[in-house]
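Engineer: model this:
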Amino acid sequence: MEQYKVILVDDEAEVIDIMEAKIRWSELGFEVVGSAKNGVKALELVEKLQPDVVLTDIRMPYMDGLELSRKLNQDYPNIYIILCTGFDEFEYAKEAVHLDIKEYLLKPISAAELSESLMRLKENLDKEREEKLNVRKLENYFQESLPALQSNLFISLMEGRVSEEDYARFSAAYQVNMKGPLFCCIVFHTSENHVPEGMNPLLLSMSVEREIRQRLVEKWHCKEFLYLGNTVLIMEMGSEEQMVPITDECDRFCRWAYRVMGAVVTAGIGTVCDNLFNINLSYEGAREAVSYRVLYGTQRAINIREIVPKEQATLSLLEEGRMHDLFRAIRVGNPEKIEEAVQKEIQKIHKHTVTIGQYHLAAMETVSNFYKFCANNSLDFNEIAGNVPNLYEKVPQMDESSLTSWMNEMARMISEELKTARNSTSHRLVTEAQLLVREKYMDASISLDVVCSILGVSNSYFSSVFKKETGKSFISYLTDYRMDIAEELILSGETKSYKVAEKVGYLDANYFSYVFKKRFGVSPSKYRARNLQKESES
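Structural biologist: Residues are numbered from 1 along each chain as shown. Below is the predicted model:
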């Protein structure tokens, strides 16, 4: 074990020499690392050598032992001090007690007496060292456990099981230094139904999690952990504008995971919140987004904000309450899932109602929840329900069979209305993109990224919607539109290919000719010549 360091301080050099020679320092667990003839020099040595023990005389020039002890107590409180003097005076002893001096020896000091003092001192030093080691071990263990502790806190927040007071306390204790000012939750879901042959689904999911950690977590300011078989990221952002590139990055990862690993991954991106305490709302939005993979496909990122307006998504999560599963099925639009969810709601009603009054109240609450859901999604509940008067009175009077049929019918019609609204939004988005193409086709800088930036949507969502609406990708649409204009220019008399290229947004005339030939089968000049020949023949 490492020996304790000692500095000897006495104005008589021979006294220091005797102490060094007579005491078996090493056997006692000590090592004399330096000596000084006064308190001033001793302080210089203390600063340089950082000893564990200072053995000092009281009577010395420039700075005596008591003054040295005061300064050591002030600046180096962990150093043990042994005071020794040839003057048996009460005032010195009283001052030594005041300075909390552990050992006070009278000259002449015998080797046995000093050795006994050092042995007692070593016991105290050993205890302190052991305590420090234990504290250090605990601190190291705590630091090693921090990622798991932080993950548990995030999971508790996502499940809504943490009070605001506990959140403040635990986030400080667990060193959660996420300042925001904005936060978002992303859920990566790896399908267990589409696994490469010979691959274990769990191993595939773990492989995906590792790649997410290496490719995304190290790049972004976020926390990552596993929850219910999914990889979850808690993102820290400076502005909402970051959500578009984040969505696109997640989309690229999902496509890469399928191409390289054969993993069918869907990334659900939740709503943005301005307080980490409310991350449960973002998590619910992320889960909701993942469930939309049945509509928008897998191997991609789905941002809940892009498929459900921001304020509606937040309100829905806050208001839906106990009918959450049914409303999720309504959004997805799967008839079988809707019927299944309705049946579960009916079972809940019967399970939790004993009296007829409780049944009536539960039925009225069902009507109210439908009404709120429609309002949050900009739908007219009364119109969907057929403008039936006194609905709050009629529905509670229905028996189980009638209530089940009514709920199924309402859910089906609301789902259809949502689908129509989504299609309308998608159509409007595509129309705006087509208008941009008509306005900017001659600009060489127009691209998918530029259009998405203008429209304020991610590439992944826009590309999906555009292809669904038009049957072709945006780049194909832009190219076809440019080629149509190029054809008109060539047929109207423009003879120089480079001029046509410039007018339809191509800086490279050779590349323009290549694209034109791919579309029409011949070069621009031959196309013009062929059509002139046709005109002359006619």
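Engineer: for the rest of this, base every contact and every neighbour count on C-alpha atoms.
Structural biologist: Will do.
Engineer: show the subsequent helix or strand relative to the helix ranked longest in the chain.
Structural biologist: The longest helix of the chain (DSSP state H) is helix 111-158. Where DSSP states H and E defines the elements, the next helix or strand beyond helix 111-158 is helix 164-173.
Engineer: and the residue nearest the centre of the chain, what does it touch?
Structural biologist: Closest to where the C-alpha atoms of the chain average out (C-alpha atoms, centre = their mean) is Ile234, at 2.1 Å. Residues near Ile234 by C-alpha atoms under 8 Å, 6 or more residues apart in numbering: Phe183, Cys184, Cys185, Ile186, Cys222, Lys223, Glu224.
Engineer: am I right that it sits in a strand?
Structural biologist: Yes: assessed with DSSP: H, G, I helix; E, B strand; the rest coil, Ile234 lies in a strand.
Engineer: separation between it and Val264?
Structural biologist: Taking C-alpha to C-alpha, to the nearest Å as the measure, Ile234 falls 22 Å from Val264.
Engineer: beta-bridge partners for the residue nearest to the centre of the chain, please?
Structural biologist: Cys185, Lys223 (DSSP bridges).
Engineer: report pLDDT for it.
Structural biologist: Reported pLDDT at Ile234 in the predicted model: 94.
Engineer: just to revisit the earlier point, in the contacts of Ile234, which residue is surrounded by the most others?
Structural biologist: Ile186 (31 neighbours; other C-alpha atoms under 10 Å).
Engineer: just checking, that residue touches Thr271?
Structural biologist: No: at 9.3 Å, Ile186 does not count as touching Thr271 under the criterion of C-alpha atoms under 8 Å.
Engineer: need the overlap of contacts for those two.
Structural biologist: What both Ile186 and Thr271 touch, as defined by C-alpha under 8 Å, 6+ apart, is the set Tyr283, Ala286.
Engineer: ends of stretch 372-384, how far apart?
Structural biologist: Termini of stretch 372-384 sit 13 Å apart (C-alpha to C-alpha).
Engineer: and that stretch, how far from the chain's centre?
Structural biologist: The chain centre lies 34 Å from the centre of stretch 372-384; the measure is C-alpha atoms, centre = their mean, to the nearest Å.
Engineer: quick one on the thing from earlier: roughly how far does the residue nearest to the centre of the chain sit from Lys499?
Structural biologist: 51 Å.
Engineer: and after the lowest-mean-pLDDT helix or strand in the chain, which helix or strand comes next?
Structural biologist: Ranking every helix and strand in the chain by mean pLDDT, DSSP states H and E puts helix 310-319 at the bottom, with a mean of 45. The helix or strand immediately downstream of helix 310-319 is helix 324-332, counting by DSSP H and E.
Engineer: just the angle between the helix or strand following that following helix and helix 324-332, please?
Structural biologist: Downstream of helix 324-332, the first helix or strand assigned by DSSP H and E is helix 335-352. Helix 335-352 runs at 160 degrees relative to helix 324-332, counting by axes from the mean of the first three to the mean of the last three C-alpha atoms, to 10 degrees.
Engineer: which parts of helix 335-352 are buried?
Structural biologist: Across helix 335-352, burial judged by 16 or more other C-alpha atoms under 10 Å covers Lys337, Ile338, Glu339, Ala341, Val342, Gln343, Glu345, Ile346, Ile349.
Engineer: one more: stretch 171-189?
Structural biologist: 171, 174, 176, 178, 180, 182-189.
Engineer: swap in stretch 142-159?
Structural biologist: So stretch 142-159, judged by 16+ other C-alpha under 10 Å, has buried residues Leu146, Pro147, Leu149, Gln150, Ser151, Leu153, Phe154, Ile155, Leu157, Met158.
Engineer: pLDDT on it, on average?
Structural biologist: pLDDT averaged over stretch 142-159 gives 86.
Engineer: touching that stretch from outside, list them.
Structural biologist: Taking C-alpha under 8 Å, 6+ apart as the rule, stretch 142-159 contacts 162, 170-171, 174-176, 224-225, 227, 277-281, 283.
Engineer: where along this structure do the strands fall?
Structural biologist: 4-9, 30-36, 53-57, 80-85, 103-106, 182-190, 222-227, 230-237, 265-273, 300-303 (DSSP state E).
Engineer: neighbouring strands for the fifth one, and are they parallel or not?
Structural biologist: Going back to what we said before, that points to strand 103-106. Applying DSSP bridges, one finds strand 103-106 paired with strand 80-85 (parallel).
Engineer: who's in contact with Val54?
Structural biologist: Val6, Ile7, Leu8, Val9, Ile79, Tyr80, Ile81, Ile82 are the contacts of Val54 under C-alpha under 8 Å, 6+ apart.
Engineer: show me where this protein dips below the pLDDT cut-off.
Structural biologist: Residues of the chain that meet the criterion pLDDT under 70 lie in 1, 87-98, 100, 102, 135, 309-322, 535-538.
Engineer: now do the domain split for it, please.
Structural biologist: Annotated domains of the chain cover 4-131, 178-302, 320-431, 441-537 [automatic domain parsing].
Engineer: indicate which one of those domains is closest to Asn140.
Structural biologist: Among the domains of the chain, the nearest to Asn140 by C-alpha to C-alpha is domain 4-131 (14.1 Å).
Engineer: what's the burial count for His427?
Structural biologist: 17.
Engineer: my bad, Ala42
Structural biologist: Ala42 has 23 nearby residues by other C-alpha under 10 Å.
Engineer: apart from its neighbours in sequence, what residue is nearest it?
Structural biologist: Excluding the flanking residues, the one nearest Ala42 by C-alpha to C-alpha, 6 or more residues apart in numbering is Ala36, at 5.3 Å.
Engineer: you'd agree the one you found is up against Val15?
Structural biologist: No: using C-alpha under 8 Å, Ala36 is not in contact with Val15; the gap is 11.5 Å.
Engineer: of these two, which one has the most company?
Structural biologist: More crowded of Ala36 and Val15, by other C-alpha under 10 Å: Ala36, with 20 against 16.
Engineer: show me what contacts that one?
Structural biologist: If a contact means C-alpha under 8 Å, 6+ apart, then Ala36 has Ile7, Leu8, Val9, Asp10, Asp11, Ala42, Leu45 as its contacts.
Engineer: just the residues you listed now: which is nearest Lys472?
Structural biologist: Nearest to Lys472 among the contacts of Ala36: Leu45, at 81.2 Å, using C-alpha to C-alpha.
Engineer: residue contacts, the residue nearest to the closest one when sequence neighbours are not counted?
Structural biologist: Ranked by C-alpha to C-alpha, 6+ apart and with sequence neighbours excluded, the top spatial neighbour of Leu45 is Gly34, at 7.2 Å. By C-alpha under 8 Å, 6+ apart, Gly34 lies in contact with Val6, Ile7, Leu8, Leu45.
Engineer: and Leu45, by the same measure?
Structural biologist: Leu45 neighbours (C-alpha under 8 Å, 6+ apart): Ile7, Gly34, Ser35, Ala36.
Engineer: got TSV for these, with distance to Asp166 too?
Structural biologist: Shown next, in TSV, are the contacts of Leu45 (distance: C-alpha to C-alpha, whole Å):
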residue	distance to Asp166
Ile7	50
Gly34	53
Ser35	55
Ala36	55
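Engineer: for stretch 29-42, measure first residue to last.
Structural biologist: Terminal residues of stretch 29-42 lie 22 Å apart, using C-alpha to C-alpha.
Engineer: ok, Lys468 - how many residues close by?
Structural biologist: With other C-alpha under 10 Å as criterion, Lys468 counts 16.
Engineer: ok, back up a step: turn the contacts of Val54 into JSON lines, including neighbour count and distance to Asp52.
Structural biologist: Shown next, in JSON lines, are those (neighbours: other C-alpha atoms under 10 Å; distance: C-alpha to C-alpha, whole Å):
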{"residue": "Val6", "neighbour count": "24", "distance to Asp52": "6"}
{"residue": "Ile7", "neighbour count": "23", "distance to Asp52": "8"}
{"residue": "Leu8", "neighbour count": "23", "distance to Asp52": "12"}
{"residue": "Val9", "neighbour count": "28", "distance to Asp52": "14"}
{"residue": "Ile79", "neighbour count": "18", "distance to Asp52": "5"}
{"residue": "Tyr80", "neighbour count": "22", "distance to Asp52": "6"}
{"residue": "Ile81", "neighbour count": "27", "distance to Asp52": "9"}
{"residue": "Ile82", "neighbour count": "23", "distance to Asp52": "11"}
